[in-house]
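[1] can't give you the sequence, but here's the structure:
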């Protein structure tokens, strides 16, 4: 158990819908990262928050957005969903802005 | 632009033998490299890392080698055990002020009893 909690574990939704994925980092970790893993692909970096502020952005679609709240949990919002958004979405956390990242178990999103 | 590449999608070895997983990168600004292991239905788990100022790091059965001139790193597992069967991801971190990791596509290791 990495200490990073992601909910829900599985999500099935229809095209055009909006979903919210939630991540609770390890206790005391200030950084939260979001990654997307599509079928047979490596993990693609989406976005990083550090202590509530956006720190780095990857190839995140404009339909996607994220935030980190004062209690340090984070949410990833995916809207106008398309079939190609079906993937595993991982959250990770680390104590500081840099350093070893600990991953949650992921949320498997299926868009039908 | 794939900055981190794992060219072998899969590898099969016999229990007790050495497993060698390879990773190539293109960005000379990467300053830290990590290996993660992933079992099905679980998130990636940190395995071992190496700073760009070193060429070798060892932790039990796992050793990572870094060849900066060749922009190549490898993970050696000796001896391999059936429980090592998993997907192994190589990842690299840039020297910018962020913990963002760039991952390879992964190599599926199967260790046969």
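    It's in. In this text the structure is predicted, and so the values were computed from the model without any measurement. Residues are numbered from 1 along each chain as shown, chains lettered A, B, ... in the order given.
[2] beta partners for the most centrally placed residue in chain A?
    The centre of chain A sits closest to residue A:34, judged by CA atoms, centre = their mean, with a distance of 3.4 Å. Beta-bridge pairing for residue A:34 (DSSP bridges): residue A:47, residue A:91.
[3] For chain B, which residues score under the pLDDT cut-off?
    Residue ranges of chain B with pLDDT under 70: B:1, B:95.
[4] residue ranges of the strands in it, please?
    For chain B, applying DSSP state E gives strands covering B:4-5, B:10-14, B:19-25, B:30-38, B:45-51, B:56-59, B:62-67, B:72-77, B:86-94, B:101-103, B:107-112.
[5] how about those strands, which one is nearest chain A?
    Among those, strand B:101-103 comes nearest to chain A, with 4.1 Å by CB to the nearest CB. Glycine gets a C-beta too; all of them are placed from N, C-alpha and C.
[6] Whether the closest one contacts chain A - can you check?
    Yes: using CB under 8 Å from any CB of the partner chain, strand B:101-103 reaches chain A at B:101-103.
[7] just to revisit the earlier point, ok, now which ones touch the residue nearest to the centre of chain A?
    Listed by CB atoms under 8 Å, 6 or more residues apart in numbering or on different chains, the contact partners of residue A:34 are A:23, A:45-48, A:60, A:66, A:74, A:76, A:89-92.
[8] related to what we said a few turns ago, dump the strands of chain B into CSV; add mean neighbour count as well.
    Compiled in CSV, the strands of chain B are given as follows (neighbours: other CB atoms under 10 Å in any protein chain shown):
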stretch, mean neighbour count
strand B:4-5, 20
strand B:10-14, 13
strand B:19-25, 21
strand B:30-38, 21
strand B:45-51, 17
strand B:56-59, 12
strand B:62-67, 18
strand B:72-77, 20
strand B:86-94, 23
strand B:101-103, 24
strand B:107-112, 17
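[9] Turn those strands into a markdown table, columns for distance to residue A:106.
    Shown next, in a markdown table, are the strands of chain B (distance: least, CB to CB, whole Å):
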| stretch | distance to residue A:106 |
| --- | --- |
| strand B:4-5 | 20 |
| strand B:10-14 | 22 |
| strand B:19-25 | 22 |
| strand B:30-38 | 10 |
| strand B:45-51 | 12 |
| strand B:56-59 | 25 |
| strand B:62-67 | 24 |
| strand B:72-77 | 23 |
| strand B:86-94 | 13 |
| strand B:101-103 | 14 |
| strand B:107-112 | 17 |
